[in-house]
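1. structure, please.
(one chain, ligands or ions: 5)
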Amino acid sequence: MCCDRNMKIFLIFPALWTFVQSAHILGVFQMPSFSHQCVFQPIWKELSLLGHQVTVITPNPLKDPTLVNLTEIDVSKANYQIMQKHGFQFFMAKEQPVHLKIQKIFELNYELANTVLSDKRFIEVYNNSGVKFDLIIAQTYISPILYAVAAKLQVPFVGVASMGGWIGSHYALGNPNPPSLYSEMFLPYHGRMNFSERFRSTLYYLWSRYYLNFEALPKCDQIARKYLGNDIPYIQDIEKNMSLLLLTTNPILYEPRPNVPTVISMEQMHIKPVKPLPKDLKQFLDNAKEGVVYFSLGSNVKSINIPEKLRKVLIEAFAELPYKVLWKFEADDLPGKPENVLIGKWIPQQDVLAHPNVKVFVTQCGLQSVEEAVARGVPMVGMPFIADQTRNIQRLSEEGAAVGLEHTTLTKEEFKNAIFEVVNNPKYKQNVKRLGEIWVDHPLPSLNRTIWWIEYVIRHKGTKHLRSPTADVSWFEYLLIDVILVLLTIVSLALFILYVAIKFILRMIFGGRKLKQN
Ligand SMILES: *[C@@H]1O[C@H](CO)[C@@H](O)[C@H](O)[C@H]1NC(C)=O
Ligand SMILES: *[C@@H]1O[C@H](CO)[C@@H](O)[C@H](O)[C@H]1NC(C)=O
Ligand SMILES: *[C@@H]1O[C@H](CO)[C@@H](O)[C@H](O)[C@H]1NC(C)=O
Ligand SMILES: *[C@@H]1O[C@H](CO)[C@@H](O)[C@H](O)[C@H]1NC(C)=O
Ligand SMILES: *[C@@H]1O[C@H](CO)[C@@H](O)[C@H](O)[C@H]1NC(C)=O
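-> Ligands and ions are numbered 1, 2, ... in the order given. The predicted model follows:
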């Protein structure tokens with residue numbers, strides 16, 4: 001009896017195991033930006049190490065020859081050129097109205113999708129190869145065009161984002177997203193919104209739904225059909241078929257919200273164990289007993305792009321600081337570089353932040369940079385430029401883990417004072433450590449959770465059983481317009497009947513009296 005049971009377990013498990021072991025997975029990643037792709041790289045690497053046969057098209061390949069089960073189609077050249085042409089860091093500037101940002105992101109995505117879908121090596125994969133894929137993983141960056149590859153191949157797909165979700169994604173999965181409670185991630189509102197914030201949030205929401213339905217989605221659909229043929233469903237129906245949406249969120253920068261079961265959060269995906277520093281950098285940091293200010297504006301904004309006026313303020317302030325400064329500056333030479341400043345075009349940021357002499361990180365507050373600072377326990381001075389950076393620094397300041405600055409009006413004194421405040425007041429360090437502990441406190445590490453969910457989709461060939469009915473509710477039903485109309489009708493009818501009855505009774509009483517008097 002006992003042996004019989006063991007036997008069965010023995011028979012069942014290998015079958016399940018080998019199936020998941022040998023899945024064919026296709027990854028579609030279009031957005032040329034290191035801070036986006038570094039979130040996804042560990043996913044495709046880990047899946048290939050687990051024995052899956054993984055093919056990805058990406059602008060940031062790992063190019064690691066030891067990953068024998070991974071095939072990477074490199075689209076860095078074309079996609080980075082497109083990014084450059086569109087001037088991402090300019091149209092995403094925090095001064096730009098949010099609806100223009102969304103329009104520009106769609107326009108950028110149209111062009112990226114064109115290059116990806118017309119790439120000969122990729123066409124080989126999606127159109128001609130005999131391989132039957134089990135799963136598609138596609139980057140979620142506002143536009144759904146590339147999800148259409150999954151519809152073409154009739155394979156379940158998982159969306160992954162290097163940040164929170166936007167209105168269109170929440171809508172597609174049926175995630176509750178009332179503009180009174182949750183504003184768009186590119187709007188700097190959070191927590192309980194006041195009237196004017198709710199007003200703007202609502203206008204923006206209405207505009208988004210209009211723009212999506214009548215302009216963006218038809219265009220996305222057209223592009224998908226151009227390459228994948230006419231026998232695919234409408235692009236929004238494809239998006240609604242998403243098996244899983246993996247978002248890079250956390251309870252500090254994104255307010256907690258109710259999510260349908262197919263929306264899963266991951267965090268600090270790109271954080272790696274601390275590695276030894278290059279010799280010159282190590283020497284510089286080791287010798288800086290007085291403390292180090294680390295300055296970087298990340299891979300999208302870049303120090304080289306900032307206005308001359310701001311650069312002058314930074315240089316003058318750095319020269320007067322009693323600390324060493326390590327500046328990620330993307331050129332060989334910095335004219336007027338003070339004695340105490342070391343520049344580097346590329347800096348192993350996670351390892352530098354782990355050095356005990358680094359006292360403060362001056363950052364643009366991009367999500368991935370913030371995750372690194374929090375993981376290494378370094379308090380921040382935040383200088384937001386684009387995208388979600390404004391709301392990130394607002395949240396961090398409220399948590400007492402950072403001081404925020406406005407770069408357009410920044411003065412030397414302000415900048416120096418902010419640095420002194422964060423270096424000398426121990427509360428910033430304590431708070432950033434506290435956030436770090438909350439951020440990663442989960443039953444399983446983020447990468448393990450993510451892989452588990454991806455394999456879950458492969459095992460069950462999609463997640464139809466988890467699909468929330470909220471995904472199919474129309475706005476009419478959601479706002480209870482029909483119920484309210486019926487209720488109003490009933491109440492009006494009741495009031496009318498009451499009115500007639502009272503009138504009748506009054507007439508009976510007074511009418512009768514009048515008669516008697518007469
Ligand atoms: C490659 O995949 C096979 C199974 O498909 C697995 O046995 C092998 O360990 C994998 N190799 C590496 C280096 O990931
Ligand atoms: C895909 O293959 C079909 C036939 O196998 C061909 O007609 C079509 O042109 C191909 N599409 C692309 C984009 O190459
Ligand atoms: C939804 O996905 C399944 C595969 O999981 C596919 O067979 C089906 O055609 C898709 N439907 C739409 C509308 O995309
Ligand atoms: C609402 O919040 C905004 C900041 O987003 C602020 O500028 C405004 O003064 C607030 N309005 C009221 C009435 O509190
Ligand atoms: C997480 O995944 C890694 C790599 O597959 C594995 O070595 C580790 O044991 C896992 N951790 C847990 C807690 O499951």
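2. give the buried residues for stretch 391-405.
-> 391-396, 399-405 (16 or more other CB atoms under 10 Å). Just so you know, the C-beta spots here come from the backbone N, C-alpha and C atoms, and that holds for glycine as well.
3. from the residues you listed, which is closest to ligand 1?
-> Using CB to the nearest ligand atom, residue 392 comes nearest to ligand 1 of the buried residues of stretch 391-405, at 35.9 Å.
4. now for the closest one: which residues touch it?
-> 253, 365-367, 370, 382, 384 (CB atoms under 8 Å, 6 or more residues apart in numbering).
5. go with 6 Å
-> Applying CB atoms under 6 Å, 6 or more residues apart in numbering, we find residue 392 in contact with 253, 365, 370.
6. could I get the phi/psi values of the first one?
-> With angles defined as degrees, to the nearest 10, residue 253 shows backbone torsions of phi -90, psi -20.
7. same thing with residue 406?
-> According to degrees, to the nearest 10, residue 406 has phi -100, psi 110.
8. all the strands of the stretch 251-400 of the chain, in order from the start?
-> Here the stretch 251-400 of the chain has its strands, by DSSP state E, counting those that start in this stretch, at 263-266, 292-296, 324-328, 341-344, 358-363, 380-382.
9. paired strands for the second one, with orientation please.
-> Under the criterion DSSP bridges, strand 292-296 sits next to strand 324-328 (parallel), strand 358-363 (parallel) in its sheet.
10. tell me the secondary structure at the residue most central in space within the chain.
-> Centroid-nearest residue in the chain: residue 163, 1.4 Å away (criterion: CA atoms, centre = their mean). Assigned by DSSP: H, G, I helix; E, B strand; the rest coil, the conformation of residue 163 is coil.
11. residues near whichever residue of the stretch 51-200 of the chain sits closest to ligand 4, how many?
-> The stretch 51-200 of the chain approaches ligand 4 most closely through residue 194 (3.7 Å), counting by CB to the nearest ligand atom. Using other CB atoms under 10 Å, the number of residues around residue 194 comes to 9.
12. quick check: pLDDT value at it.
-> For residue 194, the model assigns a pLDDT of 94.
13. returning to that earlier point: could I get the strands of the stretch 251-400 of the chain in TSV, plus columns for mean neighbour count?
-> Output for the strands of the stretch 251-400 of the chain, formatted as TSV (neighbours: other CB atoms under 10 Å):
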stretch	mean neighbour count
strand 263-266	20
strand 292-296	24
strand 324-328	23
strand 341-344	18
strand 358-363	25
strand 380-382	26
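14. adding mean pLDDT and distance to residue 56, write those strands out as a markdown table.
-> Listed next are the strands of the stretch 251-400 of the chain as a markdown table, based on pLDDT from 0 to 100; distance: least, CB to CB, whole Å:
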| stretch | mean pLDDT | distance to residue 56 |
| --- | --- | --- |
| strand 263-266 | 97 | 18 |
| strand 292-296 | 98 | 27 |
| strand 324-328 | 97 | 27 |
| strand 341-344 | 96 | 29 |
| strand 358-363 | 98 | 29 |
| strand 380-382 | 98 | 32 |
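15. which of these sits closest to residue 426?
-> strand 358-363 (11.1 Å; CB to CB).
16. show me what that closest one is in contact with.
-> So strand 358-363 is contacted by 291-295, 369, 373, 378-381, 419, 422-423 (CB under 6 Å, 6+ apart).
17. give me the nearest residue to residue 271, chain neighbours excluded.
-> residue 375 (4.7 Å; CB to CB, 6 or more residues apart in numbering).
18. ok, the one you found to ligand 4 distance?
-> As judged by CB to the nearest ligand atom, to the nearest Å, residue 375 and ligand 4 stand 30 Å apart.
19. ok, residue 335 next?
-> In terms of CB to the nearest ligand atom, residue 335 sits 39 Å off from ligand 4.
20. can you report how many residues neighbour that residue?
-> Residue 335: 7 neighbours (other CB under 10 Å).
21. and for residue 206?
-> Residue 206: 11 neighbours (other CB under 10 Å).
22. and residue 187, by the same measure?
-> Neighbours of residue 187 using other CB under 10 Å come to 19.
23. check residue 209 too.
-> 15.
24. who in the stretch 351-500 of the chain is up against ligand 5?
-> 444-445, 448 (CB under 6 Å from any ligand atom).
25. again, 5 Å this time
-> residue 448 (CB under 5 Å from any ligand atom).
26. following element in sequence after the lowest-mean-pLDDT helix or strand in the chain, please.
-> Least confident helix or strand of the chain, by mean pLDDT, DSSP states H and E, is helix 2-21 with a mean of 49. Helices and strands here follow DSSP states H and E; after helix 2-21, the next one along the chain is strand 24-28.
27. quick one: that following strand near ligand 1?
-> No - using CB under 5 Å from any ligand atom, strand 24-28 stays clear of ligand 1, with a minimum separation of 9.9 Å.
28. from the middle of its chain, how far away would that strand be?
-> Mean-position distance between strand 24-28 and its chain equals 20 Å (CA atoms, centre = their mean, to the nearest Å).
29. what's the neighbour count on the one residue in the chain that gets nearest to ligand 5?
-> Ranked by CB to the nearest ligand atom, the top residue of the chain for proximity to ligand 5 is residue 448, at 3.7 Å. Residue 448 has 12 neighbours, counted by other CB under 10 Å.
30. now tell me what touches stretch 434-453 from outside.
-> 42, 46, 244, 250, 252, 264, 266-269, 374, 377, 401.
31. which of these sits closest to residue 356?
-> The closest of these, once distances to residue 356 are taken by CB to CB, is residue 377, at 10.1 Å.
32. now do the contacts for the closest one.
-> 432-433, 436 are the contacts of residue 377 under CB under 6 Å, 6+ apart.
33. so which of those is the most crowded?
-> That'd be residue 432 among the contacts of residue 377, by other CB under 10 Å, with 25 neighbours.
34. right, and residue 69 touches residue 50 too?
-> No - applying CB atoms under 6 Å as the test, residue 69 and residue 50 come out as separate, 8.7 Å apart.
35. okay, now the domains of this structure?
-> 21-267+444-468, 279-439, 480-510 (automatic domain parsing).
36. are the first one and ligand 2 in contact anywhere?
-> Yes - taking CB under 5 Å from any ligand atom as the criterion, domain 21-267+444-468 and ligand 2 are in contact, through 123, 127.
37. from the chain's centre, how far out does that domain sit?
-> 9 Å.
38. is it positioned near ligand 3?
-> Yes - legend: contact between domain 21-267+444-468 and ligand 3 by CB under 5 Å from any ligand atom is shown at 151, 154, 156, 233, 237-238, 241, 462.
39. what about the helices in the stretch 51-200 of the chain?
-> For the stretch 51-200 of the chain, the helices defined by DSSP state H, counting those that start in this stretch occupy 76-86, 88-91, 98-117, 120-123, 148-153, 167-173, 195-211.
40. ranking the ones you listed by mean pLDDT, which is last?
-> helix 88-91 (a mean of 88).
41. what average pLDDT does stretch 39-59 get?
-> Mean pLDDT, stretch 39-59: 97.
42. identify each buried residue in that stretch, please.
-> 39-48, 50, 52-59.
43. distance check, the closest residue to ligand 3 within the stretch 1-150 of the chain against residue 451.
-> The nearest approach of the stretch 1-150 of the chain to ligand 3 comes at residue 150, 7.0 Å away (CB to the nearest ligand atom). Distance, residue 150 to residue 451, using CB to CB, to the nearest Å: 19 Å.
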